[in-house]
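Engineer: here is a sequence with its predicted model. Questions after.
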Amino acid sequence: MYHSKISGLGYYVPENVVTNNDLSKIMETNDEWIQERTGIKERRHVIKGDGDTTTTMGVKAAKIAIERAGIDKEDIDFIVFATLSPDYYFPGPGVLVQRDLGMKRTIGALDVRNQCSGFIYALSVADQFIKTGMYKNILIIGSELHSTGLDMTTRGRGVSVIFGDGAGAAVLTREEDLTKGILSTHLHSEGQHAEELSLIAPGMGKRWVTDIIADADPNDESYFPYMNGQFVFKNAVVRFSEVINEGLKANNLDVSDIDMLIPHQANLRIAQFIQQKFGLTDDQVYNNIMKYGNTTAASIPIALTEAWELGKIKSGDTVVLAAFGSGFTWGSAIIKW
């Protein structure tokens, strides 16, 4: 048996900054209203025609992660791509990354559809492959292009002000020292609440459209994301706490052992609630939702990369990743850096 470790990190966000004041020009909202409820000041949106897609953003993040891992793209044995916003209904973006990176080897590529907890799930899947000795280097990507599918009107402001575009990537590598790397991952789901945070159409179960929204009934909101905000918030703070404690207990760790907590960037108020509940200092938690909004599967790898770049994560640190979101699904990872 082996452990796996994160050997390289990278992220990419579009250059186009969309502030709360920008949104106030196209819908009935304002900076104070958005910040009070979410903590978000701005987010990044792709510019139509610039060529940014879920896949291309993922590739840009992946190139940085691979370079920082000190390996060649041909050393990658497997790809796991987490997203809720793929370029195509099928095939998924995993194979597109294999193509766009120009990989000569016909390696496996897997797509994960677990929304906000997608990166944790992807990390866990990759960790199992490496632990068993099947693969040595696995590329994990979380990438989202939300902006083109949001209801950017007053009707949709409760959801649309939250989300941003971007991608993060990590290279997971075999580690023979069993005291280092990913110590454990913990995954959960509760499908009875699936519709509380969802996008119902387009989908084979509802109906299929060739041109998203263009030919749709303008009053049909099933083409836009729906969120029961208060219900999601109440469940999130409970499940975040549970899954963090589960990870700590599995590794005989205490809250005081946490050097850095990277929560999924869903809402700053959720992150602050968890920080206060666990009695963590500002130096023990990293948030960047203020700058990027909620980038779903990309939020943890983007935040993790930034925290590492800023020197907030050092060798020997105990790092906790935790996420909750649509499904409901939630999970955590305990890492010895």
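Structural biologist: Alright, I've got the coordinates. Numbers count the residues shown, from 1 in each chain.

Engineer: if I look at the nearest residue to residue 337 once chain neighbours are set aside, how far off is residue 283?
Structural biologist: Sequence neighbours aside, residue 317 is the residue nearest to residue 337 in space, at 4.4 Å (criterion: C-beta to C-beta, 6 or more residues apart in numbering). Where you see a C-beta, it was placed from the backbone N, CA and C, and this is true even at glycine. Taking C-beta to C-beta, to the nearest Å as the measure, residue 317 falls 11 Å from residue 283.

Engineer: what segments of the stretch 1-150 of the chain are helices?
Structural biologist: Taking DSSP state H, counting those that start in this stretch, the helices of the stretch 1-150 of the chain run over residues 20-24, 31-38, 54-69, 93-100, 118-131.

Engineer: those: which one's closest to residue 294?
Structural biologist: Residue 294 lies closest, by C-beta to C-beta, to one member of the helices of the stretch 1-150 of the chain: helix 31-38, at 8.1 Å.

Engineer: give the buried residues for the closest one.
Structural biologist: By neighbour count on 16 or more other C-beta atoms under 10 Å, the buried set for helix 31-38 is 31, 34, 37, 38.

Engineer: for this structure, longest helix please?
Structural biologist: helix 229-250 (DSSP state H).

Engineer: quick check: phi and psi on the residue nearest to residue 278 when sequence neighbours are not counted?
Structural biologist: Once flanking residues are discounted, residue 278 sits nearest to residue 255: 5.1 Å by C-beta to C-beta, 6+ apart. Main-chain dihedrals, residue 255, degrees, to the nearest 10: phi -60, psi -40.

Engineer: give me the neighbour count for residue 255.
Structural biologist: 15 (other C-beta atoms under 10 Å).

Engineer: ok, it touching residue 280?
Structural biologist: Yes: Residue 255 is within contact range of residue 280, at 7.4 Å (criterion: C-beta atoms under 8 Å).

Engineer: break this structure down into its structural domains.
Structural biologist: 3-179, 182-196+225-336 (the TED database).

Engineer: relative to helix 54-69, how tilted is the helix or strand hosting residue 303?
Structural biologist: Assigned by DSSP states H and E, residue 303 falls within helix 299-309. Counting by axes from the mean of the first three to the mean of the last three C-alpha atoms, to 10 degrees, helix 299-309 lies at 30 degrees to helix 54-69.

Engineer: which parts of helix 299-309 are buried?
Structural biologist: Across helix 299-309, burial judged by 16+ other C-beta under 10 Å covers 299, 300, 301, 302, 303, 304, 305, 306, 307, 308.

Engineer: hey, which helix or strand in this structure has the poorest pLDDT?
Structural biologist: strand 226-227 (a mean of 77; mean pLDDT, DSSP states H and E).

Engineer: show me the helices in the stretch 151-300 of the chain, by range?
Structural biologist: 157-160, 229-250, 268-278, 289-292, 299-309.

Engineer: what sits against the residue most central in space within the chain?
Structural biologist: Nearest residue to the geometric centre of the chain (C-alpha atoms, centre = their mean): residue 297, 2.2 Å. Residue 297 is in contact with 82-84, 112, 114-116, 118-119, 122, 142-144, counting by C-beta atoms under 8 Å, 6 or more residues apart in numbering.

Engineer: residue 322 against residue 331, yeah?
Structural biologist: Yes: assessed by C-beta under 8 Å, residue 322 is found in contact with residue 331 at 7.3 Å.

Engineer: pLDDT weak spots in the chain?
Structural biologist: Within the chain, the stretches with pLDDT under 70 are 201-223.

Engineer: now with 80?
Structural biologist: 197, 199-227, 229 (pLDDT under 80).

Engineer: tell me what the residue nearest to residue 69 when sequence neighbours are not counted is bridged to.
Structural biologist: Distances taken as C-beta to C-beta, 6+ apart put residue 8 closest to residue 69, at 2.9 Å, once the chain neighbours are dropped. Beta-bridge partners recorded for residue 8 (DSSP bridges): residue 171.
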